[in-house]
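S.K.: Give me the fold of what follows.
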Amino acid sequence: FCFRVLYIYTLPECEHDTSDNKMLLKLLLVVLLTLTLTQVSNGNKAKEEDGDLRILYVVTSSSETNKDGSDRLSGTMMRVVETTINSMISFGYSVDLYLILSYQLSEDRETMIRTRLPRSVGLEIWNSATPFHIPENNKQRIRQIPKTLARQHRFVVRDKLFFYDMFVVMEDDMLVHGEQIQYHLHLSEQIENLKRAAPESLNLPVGVSTEDLFYGNVTKQQVSHLWPGFLRTEILQEGSVSQEELDEIPVDSDGLFLNASVCCRMPNKPNPSGDSLMVWETGVAGLSVREIPELGWVVFLEGPSTTFMQPKGKTTGSYFPYDDYELTRKPIIYPHKHFMGQTGGWMATRKQLVDLHIDLCQGGFFPPYYEPNFFNDGLWGFNSGVEYWSGGIQMWTERCGCNMQRVVPLKDFSAALLYHTANNKQLSIKQHRRVLASNLLGQLNTLIKAAKRAKDRNVRQENKKGN
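M.R.: Numbering: from 1, shown residues only. Modelled structure (predicted):
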């Protein structure tokens, strides 16, 4: 218990601690893990003795009904929850469910939920979880802050950290399949292996920085900021169409296949078409590519800005083919709301969460949250909204964030899509932002081929200089 208190309540104030202090804290965490992982948490059913990966699946729901009065809980949410859990179990994972609700669930509704879950799945519910706040200008008033319901999962994950191997935290209409879990775990393992082998620094020519490179070795510091990337997608509905005019990078499908069933299959629609998927929170103009040892050529989603990264050397350079195509406009430079690519949730292993909290996130990943990085424990300010907390933006933004650079190997593009089952963003997003996922995949292939040509030119020039 003392170790838990030390871990949870002192680390957010230690962002300026020395490396020795952080190593001591990590050592204490190892001791804590050894002590706690042999315990069984009351109410947690996820199996430990058979070696299954134990996942805590956390779902946040802000409304029991939809805007049209239909039943969101038993319809939208439970269809997603059932499909997600059954898919995870089919991959051999042990799963428990934790619901964070803005409303009070009746006994009948709770019984309905339990009867629709497999018997092996544990269930806990946090009713009426919306935070309250006392305004500075009116101490006599207590008010709810609905948008910060999205923050509450941090308390749950913090308290359950030592009883699960992985945490999948999603909004109530976001579907996750076992393929997404596998993708995250496999890419995370590759990144961790790369980090262990990466050098502390690179021997570069005078005037060349690590941020200038888009191929070759990366430093240990740079690798520590790489993170498996995801993009939200929807299935185009009848009458909804994608952009008419593509961004100015041609589509080169070259035998690539977008497998929509990996991300978007549902019991009533097991084989959706890859040509029906659209993304709206990014586009080729907000993406770039890089070759990384062991990973090959990967796509960089919009992420950290070198302007705010301190110390220098954490960001990783990438490539966009300005010289290969006559663009009438350059890609929009980060940050831009049309290319932020928030994902409606996030997933991470226990080790990744410890690293985020201790080493990577300004002000820590878990509560409590202190000034100057957060105001009123994260209830107010630019970093208090749904997108910041549950959309994952804290992880890859530079301001009071964790500065992670999301990467997606092109071969894993299908698994890097998360299905927004409400399919309602296409109704409010302008048509020019509705990008067919298959077109985006082909455009990214074009970027990689252009980057390979640029690499070949650079290598030839370097060889000439060497001769």
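
S.K.: Ends of stretch 411-422, what's the gap?
M.R.: Using CA to CA, to the nearest Å, the end-to-end distance of stretch 411-422 comes to 27 Å.

S.K.: Now do the same for it: mean pLDDT, whole number.
M.R.: Stretch 411-422 shows a mean pLDDT of 96.

S.K.: ok, residues contacting it?
M.R.: The set of residues external to stretch 411-422 that reach it, using CB atoms under 8 Å, 6 or more residues apart in numbering, is 76, 79-80, 173-176, 179-180, 182-183, 187, 228-235, 256, 258-260, 262-264, 266, 274, 277, 279, 299, 343-345, 408, 437, 441, 444. C-beta: built from backbone N, CA, C; applies to glycine.

S.K.: Quick check: buried residues in that stretch?
M.R.: Judged by neighbour count (16 or more other CB atoms under 10 Å), stretch 411-422 contains these buried residues: Asp412, Phe413, Ser414, Ala415, Ala416, Leu417, Leu418, Tyr419, His420, Thr421, Ala422.

S.K.: Which one of the residues you listed is nearest to Glu110?
M.R.: Among the buried residues of stretch 411-422, Thr421 lies closest to Glu110 (CB to CB), at 22.5 Å.

S.K.: For ChimeraX, what selects the buried ones among the contacts of stretch 411-422?
M.R.: In ChimeraX syntax, the buried subset of the contacts of stretch 411-422 is picked out as below (16+ other CB under 10 Å):
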select :76,79,80,173,174,175,176,179,180,183,187,228,229,230,231,232,233,234,235,256,258,259,260,262,263,264,266,274,277,279,299,343,344,345,408,437,441,444
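
S.K.: Which members of the contacts of stretch 411-422 are positioned in strands?
M.R.: Counted as lying in strands by DSSP state E, out of those, are 174-175, 228, 231-235, 277, 279, 299, 345, 408.

S.K.: May I ask which two of those residues are separated the most?
M.R.: Pro228 and Ile235 (23.1 Å).

S.K.: same for the helix ranked longest in the chain, what does it pack against?
M.R.: The helix spanning the most residues in the chain, taking DSSP state H as the definition, is helix 437-466. If contacts are counted by 3 or more CB pairs under 8 Å, 6 or more residues apart in numbering; DSSP states H and E, helix 437-466 sits against strand 277-279, strand 288-292, strand 296-300.

S.K.: which regions of the stretch 151-300 of the chain lie under the pLDDT threshold?
M.R.: By pLDDT under 70, the stretch 151-300 of the chain contains no weakly predicted segment.

S.K.: cutoff 80 now
M.R.: 204-212, 247-248 (pLDDT under 80).

S.K.: picking that back up, is it possible to get TSV of the helices and strands packed on helix 437-466 that adds distance to His133?
M.R.: As requested, the helices and strands packed on helix 437-466 are exported to TSV (distance: least, CB to CB, whole Å):
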stretch	distance to His133
strand 277-279	35
strand 288-292	40
strand 296-300	37
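
S.K.: out of the ones you listed, nearest to Val218?
M.R.: Val218 sits nearest to strand 288-292 of all the helices and strands packed on helix 437-466, at 6.1 Å, using CB to CB.

S.K.: just how off-centre is the closest one within its chain?
M.R.: 19 Å (CA atoms, centre = their mean, to the nearest Å).

S.K.: Could I have the CA atoms of that strand written out in CSV?
M.R.: Extracted C-alpha coordinates of strand 288-292, given in CSV (Å, rounded to 0.1, in the frame of the first residue of the first chain):
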residue,chain,number,x,y,z
SER,A,288,4.6,11.7,-43.7
VAL,A,289,6.8,8.6,-43.9
ARG,A,290,10.1,7.3,-42.6
GLU,A,291,12.3,4.2,-42.8
ILE,A,292,13.1,2.9,-39.3
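
S.K.: looking at this, Val206 is in a strand?
M.R.: No - read with DSSP: H, G, I helix; E, B strand; the rest coil, Val206 is coil and lies in no strand.

S.K.: tally of neighbours for it?
M.R.: By the criterion of other CB atoms under 10 Å, Val206 has 4 neighbours.
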